[in-house]
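J.: Quick one, what's the 3D model for this:
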Amino acid sequence: MTIDTTYEAAEPATSSPSRRPSINVLVRQSIGQVDINDGLPQRPDNRTLKTLRLLARCRQGDLGASQHHCADCGHREVTLHACNDRHCPQCAKQSRYVWEKQVLDWSLDCDYLHLVVTLPHELNPLIAANPGPLLRLLHATARDAVLGFARQHGVFEPGLIVVLHTWGQRLNYHFHAHVVMTAGGLSADGTQWVKFDQDQVAADNVALAERFKKIYLRRLQKMLRERLFSEVTQTEVLEDFSYQSKGPLRYPLQQPDQASIEAMLSIIKAKKWVADIGVTPERFRERGERRNAMRYVGAYVAGSAIGDGRLVSAQGDAVKFRAFDYRTDQYIELEMTKVEFVEAYARHILPARLRRFRFAGLFRPKGRTERLSHCRQLLGSRETERSAPSTSRHDHASTAQVMPDESPEELPDETTSELKHGLFCSKCAQRMTRVIEIDGSMSCWMLKVAMLVVAYLNTQRLASFSLAVDRESIQAALLQVLARLQAEATITEAEESREWMRYAHVTPGELFFHEAYYDVMLLFIAQQIAERNAAEERLAEAMLSPTHHAARGPPKRDDSKKEDGVHPR
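T.: Model prediction:
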């Protein structure tokens, strides 16, 4: 059996019903086929392509691995390094948790309003062609419009959290901003806490929409006159174009000249823009969950347009996912090809250094601790005053403390021991220490070898695995696989050109000479067997479930041998 066939047997198909579909897997399968430029001229330093490559390599061994040891219970574990990109659905879970915990620690315990301002869809092509400057404009306009709206209702300075969204449930362009605002704030002289009349504010959403429309159109027209309609040749635009806040804009394909842009502006000027305002429901007040809106927007501070939880299946070339239809208030299932799905996902990757959320008003970072302490005294709050933790440049979850545009792109890695939310033992929940770190090329090779060992052990009908009981059988299988690798590497030159074959010359003695590498290899094998056993258990449960049999229907009879209306015995 060659290495190719062994490896195919070791890696289960992604379309198997026993494996839950993953966005990272879909990106890895389709990254070479997607059109990441969306019809625009390609730049050599394409941010979208870099992000997709990181997502495809996340926790696959290409970025390295680490072995951790628990001093309390002796448990050992190997973790594949994460990509730490803020768009990755796997890396975003921990960052969202840490962000929500930190914000709930220092925010005010009071009622909150949830406001949403939306841009007309006629602006979608222009924003997609110039995402950096126009999304920054959306951020700033949403903040200023809500602050002006609050002062119109008698509150001079409320606390704001502005979160940017670029997507709808169908992964289409839907540019809008969520604003979480305290249901009150300081007076003009700062000596009183003034509460909103929440019912009156919620009924005044038309005034908020008109204010937002007026400010956004005024600023947009000024930006277009200075950076798009001026005398700049197309060559200069393509050479000097930047996703940053400065530089010329470019025309989208749907609106290739000034006349088409002005026609679009006349259409959106005549339209009624949309704004929604939600108050704190009474049931949340009774349960002590008045900051529920903050938890809602906290789910979107990391990740992107869709998470793995909404994926239904990935069979063959088709991907099905759930979407909420606001017209019918029901969930529906949508289907795309894998390439279409990844292209739709890639459209919502934000430009570099563009913040997804910002703090304003009482929550602006500079002097926030003193302001909130004063507000707690006015509110008569009994909660303990907490100062926000210091900001690390590599801790994306702590970027609440960073106001400039230079926000870090990395998310915290659970294998980083310096972070407070480091890796904890899955057995006793105690902090684990890192024993050894392996580079990407070596960890990839060891992971491939582990898969080959699992495939070899499956031929031996090994149902379960334990490091204490089956160590000798695992070592024998590992020797067999390494010997086969060495034999095929010397016979076939094509095999040597593969990235994962670069360590095929390693002898069993060299591998076992470093005890830590040997332990890492055994842990890789153990984890691969555990994953395969779990997949088989999920498949068995699916086969035994009533829904599976209902979908298959009753068993069909074979009428090919039927004679005179009587089946053979």
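J.: make it CA atoms for all contacts and neighbour counts henceforth
T.: Noted.
J.: which intervals of the stretch 101-250 of the chain have sub-threshold pLDDT?
T.: 231-246 (pLDDT under 70).
J.: for it, what spans make up the strands?
T.: Here the stretch 101-250 of the chain has its strands, by DSSP state E, counting those that start in this stretch, at 112-118, 159-167, 173-182, 184-186, 193-195.
J.: what bridges to residue 118?
T.: Per DSSP bridges, the residues bridged to residue 118 are residue 176, residue 274.
J.: rewinding a little: can you say which of the strands of the stretch 101-250 of the chain is nearest to residue 205?
T.: strand 112-118 (8.8 Å; CA to CA).
J.: counting contacts, what elements does the closest one pack onto?
T.: Under the contact criterion of 3 or more CA pairs under 8 Å, 6 or more residues apart in numbering; DSSP states H and E, strand 112-118 touches strand 173-182, strand 274-278, helix 292-298.
J.: quick check: angle from that strand to strand 173-182?
T.: Put simply, strand 112-118 runs at 160 degrees to strand 173-182, going by axes from the mean of the first three to the mean of the last three CA atoms, to 10 degrees.
J.: tell me the domain ranges of the protein?
T.: 89-305+348-401, 439-543 (automatic domain parsing).
J.: Please identify the buried residues of the longest helix seen in the chain?
T.: Longest helix in the chain by number of residues (criterion: DSSP state H): helix 515-544. Burial within helix 515-544, assessed by neighbour count using 16 or more other CA atoms under 10 Å, is assigned to 517-529, 532, 535, 538-539.
J.: Check stretch 285-298 too.
T.: Residues of stretch 285-298 classed as buried by neighbour count (16+ other CA under 10 Å): 289-295, 297-298.
J.: Then stretch 188-205?
T.: For stretch 188-205, a neighbour-count test (16+ other CA under 10 Å) marks 193-196, 198, 201-202, 204-205 as buried.
J.: swap in stretch 258-265?
T.: 261, 265.
J.: again with stretch 115-124
T.: Of all the residues in stretch 115-124, those buried under the rule 16+ other CA under 10 Å are 115-120, 123-124.
J.: from the chain's centre, how far out does that stretch sit?
T.: 23 Å (CA atoms, centre = their mean, to the nearest Å).
J.: Can you give me the end-to-end span of it?
T.: Between the start and the finish of stretch 115-124 there is a gap of 21 Å, counting by CA to CA, to the nearest Å.
J.: Next, format the domains of the chain as a markdown table and append distance to residue 67.
T.: Shown next, in a markdown table, are those (distance: least, CA to CA, whole Å):
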| stretch | distance to residue 67 |
| --- | --- |
| domain 89-305+348-401 | 19 |
| domain 439-543 | 7 |
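J.: which one of the ones you listed lies closest to residue 77?
T.: So among the domains of the chain, domain 439-543 is nearest, using CA to CA, at 6.8 Å.
J.: Now the closest one: average pLDDT?
T.: Averaging pLDDT along domain 439-543 yields 65.
J.: cool, and stretch 362-378?
T.: Average pLDDT, stretch 362-378: 92.
J.: in that stretch, what counts as buried?
T.: Of all the residues in stretch 362-378, those buried under the rule 16+ other CA under 10 Å are 362-365, 368-369, 372-376.
J.: Just the residues you listed: which are in helices?
T.: Going by DSSP H, the helices hold 368-369, 372-376 from the buried residues of stretch 362-378.
J.: Just name the closest of those to residue 311, please.
T.: Using CA to CA, those come closest to residue 311 at residue 368, 40.0 Å.
J.: how about that closest one, what does it touch?
T.: Taking CA atoms under 8 Å, 6 or more residues apart in numbering, we find residue 368 in contact with residue 362.
J.: Burial check on residue 316, number of neighbours?
T.: Residue 316 has 12 neighbouring residues, counting by other CA atoms under 10 Å.
J.: ok, now residue 476?
T.: 12.
J.: Over to residue 225?
T.: Neighbour count of residue 225, defined by other CA under 10 Å: 11.
J.: which regions of the stretch 301-450 of the chain sit below the pLDDT cut-off?
T.: For the stretch 301-450 of the chain (pLDDT under 70), the answer is 381-422.
J.: dump the residue contacts of residue 60.
T.: For residue 60, the contacting residues are 80-81, 444, by CA under 8 Å, 6+ apart.
J.: Apart from its chain neighbours, what residue comes closest to residue 22?
T.: With sequence-adjacent residues excluded and distances taken as CA to CA, 6 or more residues apart in numbering, residue 22 is closest to residue 308, at 5.5 Å.
J.: Which helix or strand contains the residue nearest to residue 68 when sequence neighbours are not counted?
T.: Once flanking residues are discounted, residue 68 sits nearest to residue 434: 4.3 Å by CA to CA, 6+ apart. Using DSSP states H and E, residue 434 falls within strand 433-438.
J.: What strands flank that strand, and is each parallel or antiparallel?
T.: Under the criterion DSSP bridges, strand 433-438 sits next to strand 65-69 (antiparallel) in its sheet.
J.: tell me the mean pLDDT for the helix or strand following the strand it pairs with?
T.: Counting by DSSP H and E, the element after strand 65-69 in chain order, helix or strand, is strand 76-80. Strand 76-80 shows a mean pLDDT of 83.
J.: ends of stretch 357-377, how far apart?
T.: Taking CA to CA, stretch 357-377 runs 28 Å from one end to the other.
J.: gap between it and the chain center?
T.: 28 Å.
J.: Please identify which of the buried residues of stretch 285-298 is nearest to residue 270.
T.: Nearest to residue 270 among these: residue 297, at 30.9 Å, using CA to CA.
J.: thought that closest one was touching residue 163?
T.: Yes. Residue 297 lies in contact with residue 163 (CA atoms under 8 Å); the separation is 6.9 Å.
J.: okay, and the common contacts of these two?
T.: residue 178.
J.: residue contacts, the residue nearest to residue 193 when sequence neighbours are not counted?
T.: Distance criterion CA to CA, 6+ apart; nearest residue to residue 193, sequence neighbours excluded, is residue 186 at 4.8 Å. Residues near residue 186 by CA under 8 Å, 6+ apart: 155-158, 192-194, 375.
J.: Quote the end-to-end distance of stretch 149-169.
T.: 28 Å.
J.: from the chain's centre, how far out does it sit?
T.: Using CA atoms, centre = their mean, the offset of stretch 149-169 from its chain centre is 24 Å.
J.: which parts of it are buried?
T.: Those buried within stretch 149-169 under the rule 16+ other CA under 10 Å are 149-150, 153-167.
J.: Quick check: residue 138 touching residue 177?
T.: Yes. Contact criterion CA under 8 Å: residue 138 and residue 177 qualify, at 7.5 Å.
J.: the more surrounded of those two?
T.: Just comparing residue 138 and residue 177: by other CA under 10 Å the higher neighbour count belongs to residue 177, 25 against 21.
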